[in-house]
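In: need coordinates for the below:
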Amino acid sequence: MKSEKGFSLIEVLISLAILGMIAVAFLSALATNSRATLIIDERTTAKNLAASQMEYVKSKNYTALYPPAAIPNDKDYVGYSANITAEPLHDPDDGIQKITVKIKHDDKVVTTLEGYKVNR
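Out: Residues are numbered from 1 along each chain as shown. Okay, here's the model as predicted:
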């Protein structure tokens, strides 16, 4: 029986353990990559919405209050909301405002964009 070639039980168990560790590492990396992709998608969508809201504000007449533009009624924008604040930079008579656009997704602020508007 000594001349028969094959794998012993210990060798098989060690190789299965190594294969199991590799599988766990691969699945963990896959899950982390999936979460990172979702976060990047959320931030990119929020940045695009913030930029469009800022362009909307800059196209409007100079005022103290700017209502947010309508967010597209699309499955990609479900749960997103915009909040726009305008405050005078120094003296209200200067005609310069600091515009802040905050984009929230499911009541969590994802991104904030700041810009300035001049009364011309």
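
In: what about the spatially most central residue of the chain, which helix or strand?
Out: By Cα atoms, centre = their mean, the chain has its centre lying nearest to Arg43, at 2.1 Å. Element membership for Arg43, per DSSP states H and E: helix 9-59.

In: how far out from the middle of the chain is that helix?
Out: Average the C-alpha atoms of helix 9-59, do the same for its chain, and the two points are 12 Å apart (Cα atoms, centre = their mean, to the nearest Å).

In: now the element after it, going C-ward?
Out: strand 80-88.

In: taking helix 9-59 as reference, get the angle to that next one.
Out: Strand 80-88 runs at 40 degrees relative to helix 9-59, counting by axes from the mean of the first three to the mean of the last three Cα atoms, to 10 degrees.

In: buried residues in strand 80-88?
Out: Judged by neighbour count (16 or more other Cβ atoms under 10 Å), strand 80-88 contains these buried residues: 80, 82, 84. (Each C-beta comes from the backbone N, C-alpha and C, glycine too.)
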